[in-house]
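[1] Have a look; sequence and predicted model below, questions after that.
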Amino acid sequence: MTTEPKRAAVVVAGRRLSYLDFGGPGRPLLALHGHFGEGRTFTRLAGELGESWRVIALDQRGHGHSDRPADFSRTGYVEDAATVLDHLGIDGAVVLGHSLGGVNAFQLAARFPGLVDALVVEDVGAEVDDDLSFCLSWPRRAPTRAGLLEGLGPSARYLMDAVREHADGWGLAFEATDMHDSQQHLNGDHWDDWLAGNCPALLVRGSRSTVLSAEHAKDMAARRPHTRLVELPAGHTVHETVPVEFAAVVREFLSTL
């Protein structure tokens, strides 16, 4: 299977939702990235899964090539994902999500159970309490790429894929104020949604994660039926830090479906 995806889009209420479709004859897997990310973060995973799975990686609202929305509500994110699946005629996908995308994935399964056959949730809890206010100090635009990277400081190395040249200078593929707002909507107690479904689920935690504690991950797996917990030697972005190991545990889980 080629890892060169086709970029396509669906328009929702005049707003463009862009996604990458890696194609192939396999079963559909919708992949949802975290804050500051975009669909192409799952390119390596799509290649590792081969032709058995057709990976569709969404640029979620306000990220990547998708338009900014009027809001970053929980309902908005979940309905976006449901709209993409409906647009593609898919009514039984595996949904994989990292961080923000992980909560979106299990809320999609809770609220649209007919659309989701199984879940892969990467390093996020059923309770979320995080602060992205640090990103508000990042420069919105800079006259040069080098100037932007300098202004981003130590954060630059995590944001290389998001660097863009815009009409008014160099910036990122999102607005920092949007990310902060989105995180505020993400924070909260989501146990009801996590426990609402009983489709098979794989919960992947980075052993060095500061976002999902070992205790909370174990509680999530213990309280939800048909849920397996795996820890891998990584921080929060498991799929990027140990891509081969991450793909292997995901592939093993998918083989049981």
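    Cool, got the structure. Model, not experiment: these values are computed from the prediction. Numbering: from 1, shown residues only.
[2] in the chain, which spans are helices?
    Shown for the chain, the helices assigned by DSSP state H span residues 43-49, 74-87, 100-111, 145-152, 176-186, 191-196, 214-223, 238-241, 243-254.
[3] where does the stretch 101-250 of the chain have low pLDDT?
    Along the stretch 101-250 of the chain, the model assigns pLDDT under 70 to no residue.
[4] that older thread, just send the helices of the chain back as CSV, with mean neighbour count and distance to Gly14 too.
    In this view, the C-beta of every residue, glycine as well, is placed from N, C-alpha and C. Listed next are these as CSV, based on neighbours: other Cβ atoms under 10 Å; distance: least, Cβ to Cβ, whole Å:
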stretch, mean neighbour count, distance to Gly14
helix 43-49, 20, 29
helix 74-87, 19, 13
helix 100-111, 25, 22
helix 145-152, 16, 30
helix 176-186, 18, 18
helix 191-196, 16, 28
helix 214-223, 15, 37
helix 238-241, 21, 32
helix 243-254, 17, 35
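[5] Select, out of the ones you listed, the one closest to Phe36.
    With distances scored as Cβ to Cβ, the stretch of the helices of the chain nearest to Phe36 is helix 176-186 (6.3 Å).
[6] Name the residues that touch that closest one?
    Contacts to helix 176-186, defined as Cβ atoms under 8 Å, 6 or more residues apart in numbering, come from residues 35-36, 62, 68, 71-74, 100, 103, 128, 130-133, 135-136, 138, 140.
[7] how does it look with 10 Å?
    Under the criterion Cβ atoms under 10 Å, 6 or more residues apart in numbering, residues 34-36, 60-63, 68-69, 71-77, 99-100, 103-104, 124, 128-140, 172, 174-175 lie in contact with helix 176-186.
[8] hang on, the earlier thing: which one of the helices of the chain lies nearest to Ala8?
    Nearest to Ala8, of all those, is helix 74-87, at 9.0 Å by Cβ to Cβ.
[9] Just the buried ones from the contacts of helix 176-186?
    Among these, those classed as buried by 16 or more other Cβ atoms under 10 Å are 34-36, 60-63, 69, 72, 74, 76-77, 99-100, 103-104, 124, 128, 132, 135, 138-139, 172, 174.
[10] so Leu119 touches Val94, yeah?
    Yes. Here Leu119 reaches Val94: they are 7.3 Å apart, a contact under Cβ atoms under 10 Å.
[11] Give me the common contacts of those two.
    Jointly contacting Leu119 and Val94 under the rule Cβ under 10 Å, 6+ apart are 105, 199-200, 202, 253.
[12] can you give me the end-to-end distance of stretch 66-80?
    With Cα to Cα, to the nearest Å as the measure, stretch 66-80 spans 11 Å from end to end.
[13] and that stretch, how far out from the chain's middle?
    Centroid separation between stretch 66-80 and its chain, computed with Cα atoms, centre = their mean, to the nearest Å, is 13 Å.
[14] Tell me how far the nearest residue to Ser133 once chain neighbours are set aside lies from Phe253.
    Ranked by Cβ to Cβ, 6 or more residues apart in numbering and with sequence neighbours excluded, the top spatial neighbour of Ser133 is His180, at 5.9 Å. Using Cβ to Cβ, to the nearest Å, His180 is found at 33 Å from Phe253.
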